[in-house]
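A.B. asks: sequence first, predicted model second:
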Amino acid sequence: MAQILDTQLMHPRDQIVLIISRIYKRGLTTTSGGNISVIDDDGNIWITPSAIDKGSLRPSDIMCITREGKIIGRHKPSSEYPFHRAIYAARPDLKAIVHAHPPALVAFSIVHQIPDTNVIPQAKHICGPVGFVPYALPGSEELGEKIADIIGQGYNSVILENHGTVVGGKDLSDAFERFETLEFCARTIIKGKTIGEPRYLSDHQIEEFEAQIPRLQPELEKAEYPSDEREKREQIVKIVQRACEQGLMISSYGTVSTRWRGNDFLITPTDKLRWDIQRNDIVQIRDGKREPGKLPSRSVWLHQEIYRRNPHINSIILTQSPNLMAFGVTGKKFEVRTIPESWIFLQDVPMVPFGSHFTGKEDIPRIISSTTPAVIIENDSVLVTGDQLLQTFDRLEVAEFSAKSLIYGKALGSLFPINENQIEELRKAFFK
């Protein structure tokens, strides 16, 4: 079960260990690379140590540099400590910093480009403008001065020339969400360029997305929590955590729901980092009303309509995964007629325009059915449905693996899908 990241309750050293573990396990830094810091209310800077395995850090490994400059701990602080100190001095509003060398953002750094965050809807708001810092020797005071100069201009995210990225936040949750979202943009653009040319959202389209709020159903007078309801909460939490760990969902985007009784269902909340969702965050929707005091996902109306129209559908996942999003941002056809398993699990996956998931739009509820269990929403997400939640997650995995194979195949040459006769054989064998 995921640990709860609550900056009001966790010690800085525990926060740092949790986040560096996530970054390392997702392959976004190496054993020796990257560093994280938090500055506390007393002006003490807590930071990862130098030359200690990022894959097995413990709270006792985290170093502290006091406001007076005293070093506390059993290791050396990160060699990049000078730029952390310089950033905090230049931007007192920033309380946490993440620096790492994720391959996609490093790729941008070595071609001296900045990823366009308008590739997905939430990134512009989360990342803000992205700055570019000229090269300087790693660990040097000069590098600290250059980073602090750019971040001091109001940037919360920067690309370091031929180096990596640095992001800051109001707390470590905020910094990690920004880091993960920026890296996802970079990966999506690179994968998109493998199969076509990425298309970007206009500022107006992003403003429309931000304006979407949950269709606020009236509140229930009192929510009920029988054992079967609690069990479904646990299922949702486990699937969300699994999706985050496997790179099928990021902190800033993703919704999971499961039918409970009749057309009543449980759904993830809005404005909550997906990595940190817990059972009591899940929102109950009963008799068209929401659990008191909670805000469901902004796509709650879409889930409700899909359940109403499709009694055979009992779970829905709406998420961003990097290989499927490569198709979503280029508009290229996601050809599932590649291997039998892909077509059996997914059949054909249509693509719908950005905005089709907005409140009141009928495109997706009309398309989703037993023969069309998934759709890709341009520049936004993939929506997958199924019977049991694990089956729906399996479909998502199959879709993402298929997309990855297609992208790999594109790098090798022409793709040869299964022909219509072979599809008909599958239809007769598996859909009698």
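C.D. replies: That came in fine, so what should we check first? Numbering: from 1, shown residues only.

A.B. asks: what are the ranges of the helices in the stretch 1-150 of the chain?
C.D. replies: 12-25, 81-90, 103-110, 123-127, 141-151 (DSSP state H, counting those that start in this stretch).

A.B. asks: can you list those in a markdown table and add distance to residue 176 and mean neighbour count?
C.D. replies: C-betas here are computed from N, CA, C, even on glycine. Formatted as a markdown table, the helices of the stretch 1-150 of the chain follow (distance: least, C-beta to C-beta, whole Å; neighbours: other C-beta atoms under 10 Å):
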| stretch | distance to residue 176 | mean neighbour count |
| --- | --- | --- |
| helix 12-25 | 5 | 21 |
| helix 81-90 | 15 | 21 |
| helix 103-110 | 14 | 19 |
| helix 123-127 | 11 | 22 |
| helix 141-151 | 17 | 19 |
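
A.B. asks: closest one to residue 408 among those?
C.D. replies: helix 103-110 (15.9 Å; C-beta to C-beta).

A.B. asks: quick one: list the elements packing against the closest one.
C.D. replies: For helix 103-110, the elements it packs on are strand 157-160, strand 164-169, helix 172-195, judged by 3 or more C-beta pairs under 8 Å, 6 or more residues apart in numbering; DSSP states H and E.

A.B. asks: turn the ones you listed into JSON lines, columns for distance to residue 137.
C.D. replies: JSON lines is the format used below for the helices and strands packed on helix 103-110 (distance: least, C-beta to C-beta, whole Å):
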{"stretch": "strand 157-160", "distance to residue 137": "12"}
{"stretch": "strand 164-169", "distance to residue 137": "14"}
{"stretch": "helix 172-195", "distance to residue 137": "23"}
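
A.B. asks: shaky segments in this protein?
C.D. replies: 1-8, 213-215, 432 (pLDDT under 70).

A.B. asks: let me see the contact set for the residue positioned nearest the centre of it.
C.D. replies: Nearest to the geometric centre of the chain sits residue 250, at 1.3 Å (C-alpha atoms, centre = their mean). Residue 250 sits next to 180, 181, 184, 244, 274, 320 when contact means C-beta atoms under 8 Å, 6 or more residues apart in numbering.

A.B. asks: ok, the closest residue in space to residue 132 that isn't next to it in sequence to residue 252 distance?
C.D. replies: Nearest non-adjacent residue to residue 132, counting by C-beta to C-beta, 6 or more residues apart in numbering: residue 159, 5.2 Å away. Look at residue 159 and residue 252: by C-beta to C-beta, to the nearest Å, they are 19 Å apart.

A.B. asks: neighbour count winner among the two?
C.D. replies: residue 159 (26 against 20; other C-beta atoms under 10 Å).

A.B. asks: let me know whether that one touches residue 135 as I believe.
C.D. replies: No: using C-beta atoms under 8 Å, residue 159 is not in contact with residue 135; the gap is 11.2 Å.

A.B. asks: follow-up on the earlier one: residues in contact with the residue nearest to residue 132?
C.D. replies: Here residue 159 is in contact with 105, 108, 109, 113, 114, 130, 131, 132, 133, 165 (C-beta under 8 Å, 6+ apart).

A.B. asks: can you flag the buried ones in these?
C.D. replies: 105, 108, 109, 114, 130, 131, 133, 165 (16 or more other C-beta atoms under 10 Å).

A.B. asks: now the third one: how far from residue 319?
C.D. replies: Going from residue 109 to residue 319 by C-beta to C-beta gives 27 Å.

A.B. asks: show me how this protein divides into domains.
C.D. replies: 12-195, 222-430 (automatic domain parsing).

A.B. asks: and after the strand or helix carrying residue 324, which helix or strand comes next?
C.D. replies: Using DSSP states H and E, residue 324 sits within helix 322-330. Note on helix 322-330: by DSSP H and E, the next helix or strand toward the C-terminus is helix 340-346.

A.B. asks: quick one: contacts of the next helix or strand after that next one?
C.D. replies: Remark: after helix 340-346, the chain's next helix or strand is strand 351-352, criterion DSSP H and E. Contact with strand 351-352 is made by 327, 328, 331, 333, 334, 363, 364, 367, 375, 376, 377, 378, as judged by C-beta under 8 Å, 6+ apart.

A.B. asks: related to what we said a few turns ago, from the contact counts, what lies against the helix holding residue 324?
C.D. replies: Here helix 322-330 touches helix 172-195, strand 374-377, strand 381-386, helix 389-412, going by 3+ C-beta pairs under 8 Å, 6+ apart.

A.B. asks: which one of those lies closest to residue 257?
C.D. replies: Among the helices and strands packed on helix 322-330, if distance is taken as C-beta to C-beta, the winner is helix 389-412, at 8.9 Å.

A.B. asks: got the buried residues for the closest one?
C.D. replies: So, applying 16+ other C-beta under 10 Å, buried residues of helix 389-412: 389, 391-393, 395-404, 406-407, 410.

A.B. asks: run the angle between the helix holding residue 324 and strand 381-386 for me.
C.D. replies: 120 degrees (axes from the mean of the first three to the mean of the last three C-alpha atoms, to 10 degrees).

A.B. asks: in helix 322-330, what's buried?
C.D. replies: Applying 16+ other C-beta under 10 Å to helix 322-330 flags 322, 323, 324, 325, 326, 327, 328, 329, 330 as buried.

A.B. asks: tell me which of the residues you listed is nearest to residue 257?
C.D. replies: residue 324 (19.0 Å).
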